[in-house]
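# just coords:
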């Protein structure tokens, strides 16, 4: 059994961070809108959640994902 730790590297890319920030913002807006009973804003935040997913996927495909050609690896 190997004692070497292998880091899969998931989640440490500009694509992942961008997607997560957009989706957290959407979730926060949706929660506040639900509390204040602003139904159209709840649905708009749900759409923004999907936009965050698509943006993360598009950035990963453009090379900004884990091991992407446009991402400079950082030494640990």
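Received the coordinates, thanks. From a predicted model like this one, the values you see are computed outputs, not experimental measurements. Residues are numbered from 1 along each chain as shown.

# what stretches of the chain score poorly on pLDDT?
1-10, 74-76 (pLDDT under 70).

# can you give me the helices for it?
Ranges of helices in the chain, per DSSP state H, are 14-35, 39-59.

# Residue 68: which of the ones you listed is closest?
Counting by CB to CB, residue 68 lies closest to helix 14-35 out of the helices of the chain; the figure is 7.4 Å. Where you see a C-beta, it was placed from the backbone N, CA and C, and this is true even at glycine.

# Show me how far the closest one is from its chain's centre.
Centroid separation for helix 14-35 versus its chain: 9 Å, with CA atoms, centre = their mean, to the nearest Å.

# list the contacts for residue 27?
45, 49 (CB atoms under 8 Å, 6 or more residues apart in numbering).

# That one and residue 15: what is the separation?
Residue 27 sits 19 Å away from residue 15, going by CB to CB, to the nearest Å.
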